[in-house]
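Visitor: quick one, structure for this:
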Amino acid sequence: MTGLVLECTARTDVGRRANNEDAVFASPRLAAVADGVGGAAAGEVASQTLINALIQVDKCRLQGRLEDALAAGIAWGNETIGFIAGCRPAMAGMSTTVTAVALGDDRYVVANLGDSRTYLLRDGELTQLTHDDSWVQLMIDSGELTPEAARDHPQRSLVLAALDGAADRGPVLSTFEARPGDRLLLCSDGLSDVVDDDAIAATLRGASRAQCAARLIDLALAAGGRDNISAVVADVARRDDPTAAW
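Guide: Sure, this is the predicted structure:
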C-alpha cells in the first residue's frame, strides 16, 4: 500500500542532569517526545509511562478517527500515571509533558500539553505547530514579555499544564495538511529553551535527519543548556510500506 510515512531519527541526551527524564518514540506513523516535569518526583517514570501508552496506540488497527485514537492513548497514559503515583507514595506528584504527531493519509494530528514542541519545516520555512503551556508563554501572549526576553527569563521552565494523572488533563489536538518533503521536529524544552528558531531552521534545512538530530543536541549543549535534550526529526515520504497503514 503506497502512502505517506514518517522516516524518523530520534535522539535523547542527558545533558548536564544526573538522569534523563525525557522519553521518545518514533515509527512510520507516529512520533512523540515526553519530558518529565523538572522538580517533580519520578519524572522519568511519568514520561516513559506516557510513551508506553503511545506505543500501544501505534500497534493498534485504527477503528475510528485518528484524533480519537491519539487522545485515548494519551488519556490512558495519564490514567496510568495517576494509578502508579497512587500506589507508590514516593512517586506522588509525578507528571510529564507530551508532544506527538500521528500521520494519517494526508494529514497530521498533533497533540500537545506542556512546553515540548512540534515544528514543521516546509519549503524552507519553519513553523511552530504547538503552543507552549508555560508561564513565559502566558506573559508573551499578554504582551508583558517579548520572545527574546523569555529565552533568558528565570521562570522559563515553569510549566502550567502537564499530565499528572488528574482526570481533567488532556492535550490540545490540532490537524494540519501533510505533504511529501515536509520535515518535522519534535523536541523537549531542553532544546527549544536554548536554541532559537533561526538556528533550528538553519539546521533542519541542511543535512540528513541523523545529522540534524545530532547537530541540534550539540547546539543545545554548546549553548550551556543544563536540561535533558531530546529531538525527533521526521521526514515525510511517499512509499510502499504496509506498517504505515492504520
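Visitor: going forward, measure contacts between C-alpha atoms and count neighbours the same way
Guide: Fine.
Visitor: tally up the residues packed near Glu125, please.
Guide: With neighbours defined by other CA atoms under 10 Å, the count for Glu125 comes to 11.
Visitor: how close does it get to Thr203?
Guide: 12 Å (CA to CA, to the nearest Å).
Visitor: next: Trp135.
Guide: Trp135 is 28 Å from Thr203, by CA to CA.
Visitor: what ranges do the helices span in this protein?
Guide: 43-59, 66-87, 135-141, 147-151, 189-192, 197-206, 209-222 (DSSP state H).
Visitor: a markdown table for those, including mean pLDDT and distance to Val98?
Guide: Converted to a markdown table, these look like this (pLDDT from 0 to 100; distance: least, CA to CA, whole Å):
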| stretch | mean pLDDT | distance to Val98 |
| --- | --- | --- |
| helix 43-59 | 97 | 8 |
| helix 66-87 | 97 | 9 |
| helix 135-141 | 83 | 17 |
| helix 147-151 | 69 | 21 |
| helix 189-192 | 96 | 11 |
| helix 197-206 | 96 | 20 |
| helix 209-222 | 97 | 19 |
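Visitor: how about the closest residue to Ser116 other than its chain neighbours, what does it touch?
Guide: Distances taken as CA to CA, 6 or more residues apart in numbering place Ser188 nearest to Ser116, at 4.4 Å, with adjacent residues excluded. By CA atoms under 8 Å, 6 or more residues apart in numbering, the contact set of Ser188 is 22, 33-35, 115-117, 228-231.
Visitor: filter those down to the ones in strands?
Guide: Counting by DSSP state E, the part of the contacts of Ser188 found in strands is 22, 33-35, 117, 229-231.
Visitor: which one of these has the most neighbours?
Guide: Ala34 (35 neighbours).
Visitor: quick check: closest non-adjacent residue to that one.
Guide: Val98 (4.4 Å).
Visitor: which pLDDT value goes with the one you found?
Guide: For Val98, the model assigns a pLDDT of 98.
Visitor: likewise for the one 10 residues further on?
Guide: Confidence at Tyr108, expressed as pLDDT, is 97.
Visitor: what residues are up against it?
Guide: Taking CA under 8 Å, 6+ apart as the test, what Tyr108 contacts is 101-102, 175-178.
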